[in-house]
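> only geometry, no sequence info:
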């Protein structure tokens, strides 16, 4: 899932300061799971904004709303059918960066600002702890590295083994973290399958990571892919 | 003209190389005397490439200065600061300037240096960089396009025999050997017996291993301990030896280590570094008696 963290309150306050009608919109998927932009976080941020802005004499109305997924047009349209979005001076989106942008695209008359910093694609390690696992590089090598991603888990993204800086099996950049290549080596060694990682992996295909990227499902290509579109 | 490093590698003698820093700025006056002192004593002089992530003059320029001064330079080239195009461009530039030796390194992470917000590139890793150099020497760039004039390089790689655990390090080392290298410069060693598995693998391929020996100084002890010198793993007993001691103690320890490596025939030579104190390298060599 996509992991986000809330921006410092002062940054959000400065973004909305001067606006009278404010709508804080949460997102019910990834950022709700990582406790950054769900219903509860919307309520907390809205309360904080009401208190902070009224304390400095601003007469504000801060409302709260949820979209099941801000990264999906149909849920944003659904939100618009329930709330008059044109009534608000500013929308504070508590979605990831993708959700904030789609909100701005669907309601391009609205001023939409982010309340989160989108930090990574990762997994829940336990209550309240998420770790990065995927850089969405578009050229997955997990099949050749024992299911551990060196592009993400190695601070240098090295494809063919560790650098010389790993210390007691820990990363030279952050001694709290395991060296990805020590983990890969240990896993394959335990499986008695070191041979499978002996092959030198070629340089990454960065051309698969052009930005902004588009992915069209095979079944929808005739509808959306300009090269295959039926006129 | 000084004997090439490639010739020295096949000479059978105990090899001695030194490492100097490229100037931070365009004033290279301090480098001249150090090179002057070393050029006739050592087989080659390596120039770090923004070592520890500290920005300085591109190593090909400093290598050119060494060549012009009659020395034999080894250009260190890290994957940290350049993408695959810039790496190849600099290799061609270096060859054009007459630089014949290149050491392919991953590069310390930018977080240790003076530009901590720089983008760490690592478009290639060190194994892929070695293969890229081999492609250039074969007359084509890494995507197969023909070159108008192919460079010639004596290609080196790095290994860290002090790595813990050593298995993954050896695993990568074998990939480097398979990629076609001529020599290996190791990270600084303190337990020279740790060289054995690397030397044994390299010997099978006819590749020379040159052990890193670094001058340690008391004022850097906190950094040696906290990992801010990446890849430098100094044992506690050595740290205790230099604690409170002057630089002469560090010179003595380095010289003794060189003597041990040579006398026991643990590898094919030594690569001496003395970050911030390069003028002492000649004293280490003299003191070691090699």
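The structure has been received and is ready for your questions. What you see is a predicted model; the values in this text were computed from it and never measured.
> so how far is stretch A:24-36 off the chain centroid?
Its chain's C-alpha centre and that of stretch A:24-36 lie 11 Å apart, by Cα atoms, centre = their mean, to the nearest Å.
> stretch A:60-70 now?
Offset of stretch A:60-70 from its chain centre (Cα atoms, centre = their mean): 19 Å.
> repeat that for stretch A:115-131.
8 Å.
> can I see the domain layout of chain A?
Split into domains by automatic domain parsing, chain A comes to A:2-120, A:138-199+A:208-220.
> helix or strand with the lowest mean pLDDT in chain A?
Sorting the helices and strands of chain A by mean pLDDT, DSSP states H and E puts helix A:221-224 at the bottom, at a mean of 81.
> number of nearby residues for whatever residue of chain B ends up closest to chain A?
Closest residue of chain B to chain A, Cβ to the nearest Cβ: residue B:172 (2.7 Å). Backbone N, C-alpha and C define where each C-beta goes, glycine included. By other Cβ atoms under 10 Å in any protein chain shown, the residues close to residue B:172 number 27.
> so how far is residue B:184 from it?
When distance is defined by Cβ to Cβ, to the nearest Å, residue B:172 is 12 Å away from residue B:184.
> cool, residue A:219 as well?
Counting by Cβ to Cβ, the gap from residue A:219 to residue B:184 is 53 Å.
> who has more neighbours, the two?
Neighbour totals were compared for residue A:219 and residue B:184, and residue B:184 leads with 28 against 7 (other Cβ under 10 Å).
> can you list the residues of chain A near chain B?
Residues of chain A that fall close to chain B, judged by Cβ under 8 Å from any Cβ of the partner chain: A:155-169, A:172-173, A:175, A:179, A:181-182, A:184-185, A:189, A:194, A:197-198, A:200, A:202-204, A:206.
> would you enumerate the residues in contact with residue B:216?
B:224, B:234, B:238, B:239, B:242, B:250, B:253, B:254 (Cβ atoms under 8 Å, 6 or more residues apart in numbering or on different chains).
> out of these, which sit inside helices?
If you go by DSSP state H, these have B:224, B:238, B:239, B:242, B:250, B:253, B:254 in helices.
> ok, and the closest non-adjacent residue to the last one?
Here the nearest residue to residue B:254 in space, its sequence neighbours aside, is residue B:284; by Cβ to Cβ, 6 or more residues apart in numbering or on different chains that works out to 4.8 Å.
> can you check the third one too?
The shortest distance from residue B:239 to any residue that is not its chain neighbour, by Cβ to Cβ, 6+ apart, is 5.7 Å, and that residue is residue B:221.
> just checking, what packs against the host helix or strand of that neighbour?
Residue B:221 belongs to helix B:221-226 when assigned by DSSP states H and E. If you count contacts as 3 or more Cβ pairs under 8 Å, 6 or more residues apart in numbering or on different chains; DSSP states H and E, helix B:221-226 packs onto helix B:236-242.
> quick one: contacts of the helix it packs on?
Identification of contacts with helix B:236-242 by Cβ under 8 Å, 6+ apart yields B:190, B:216, B:217, B:218, B:221, B:224, B:225, B:249, B:250, B:253.
> what does stretch B:266-276 give?
Outside stretch B:266-276, the residues that reach it (Cβ under 8 Å, 6+ apart) are B:14-19, B:21, B:42-43, B:46, B:51, B:185-186, B:188, B:192-193, B:195-196, B:199, B:208-215, B:217, B:254, B:258, B:260-262, B:280-281, B:284-285, B:290.
> and the lengthiest helix in chain A, how far from the chain's centre?
Counting residues, the longest helix in chain A under DSSP H turns out to be helix A:39-55. Taking the mean of its C-alpha atoms, helix A:39-55 sits 23 Å from the chain's own mean (Cα atoms, centre = their mean).
> tell me which residues of it are tucked away?
Within helix A:39-55, the residues that count as buried by 16 or more other Cβ atoms under 10 Å in any protein chain shown are A:41, A:42, A:45, A:46, A:49, A:52, A:53.
> what mean pLDDT does whichever helix or strand comes after it have?
Counting by DSSP H and E, the next helix or strand C-terminal to helix A:39-55 is strand A:61-67. Averaging pLDDT along strand A:61-67 gives 98.
> elements contacting the helix or strand following strand A:61-67?
Counting by DSSP H and E, the next helix or strand C-terminal to strand A:61-67 is helix A:73-82. Packing contacts for helix A:73-82, counted by 3+ Cβ pairs under 8 Å, 6+ apart, involve strand A:61-67, helix A:97-106.
> can you lay out these as CSV showing mean neighbour count and distance to residue B:141?
Shown next, in CSV, are the helices and strands packed on helix A:73-82 (neighbours: other Cβ atoms under 10 Å in any protein chain shown; distance: least, Cβ to Cβ, whole Å):
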stretch, mean neighbour count, distance to residue B:141
strand A:61-67, 18, 50
helix A:97-106, 20, 37
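> can you redo these as CSV with distance to residue A:140?
Formatted as CSV, the helices and strands packed on helix A:73-82 follow (distance: least, Cβ to Cβ, whole Å):
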stretch, distance to residue A:140
strand A:61-67, 30
helix A:97-106, 20
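> so for residue B:6, which of those sits nearest?
helix A:97-106 (52.3 Å; Cβ to Cβ).
> residue A:24 in helix, strand or coil?
Here residue A:24 is recorded as strand under DSSP: H, G, I helix; E, B strand; the rest coil.
> beta partners of it?
Per DSSP bridges, the residues bridged to residue A:24 are residue A:64, residue A:92.
> next, the contact list for it, please.
A:42, A:45, A:46, A:49, A:62, A:63, A:64, A:65, A:91, A:92, A:94, A:115 are the contacts of residue A:24 under Cβ under 8 Å, 6+ apart.
> residue B:146 now?
Going by Cβ under 8 Å, 6+ apart, residue B:146 touches B:139, B:140.
> type out the PyMOL command that picks the buried ones from the contacts of stretch B:266-276.
Of the contacts of stretch B:266-276, the buried ones can be selected in PyMOL as follows, counting by 16+ other Cβ under 10 Å:
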select buried, chain B and resi 14+15+16+17+18+19+21+42+43+46+51+185+186+188+192+195+199+208+209+210+211+212+213+214+215+217+254+258+261+262+280+281+284+285+290
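> wait, isn't residue B:36 in contact with residue B:69?
Yes: the pair residue B:36 / residue B:69 is scored as a contact, 6.6 Å apart, by Cβ atoms under 8 Å.
> the residue in chain A that chain B sits nearest to: what secondary structure?
In chain A, no residue comes nearer to chain B than residue A:161, which is 2.7 Å away by Cβ to the nearest Cβ. Following three-state DSSP, the label given to residue A:161 is coil.
> for the strand ranked longest in chain A, name the packing helices and strands.
The longest strand of chain A (DSSP state E) is strand A:116-126. The contact analysis (3+ Cβ pairs under 8 Å, 6+ apart) places strand A:116-126 against strand A:2-6, strand A:129-134.
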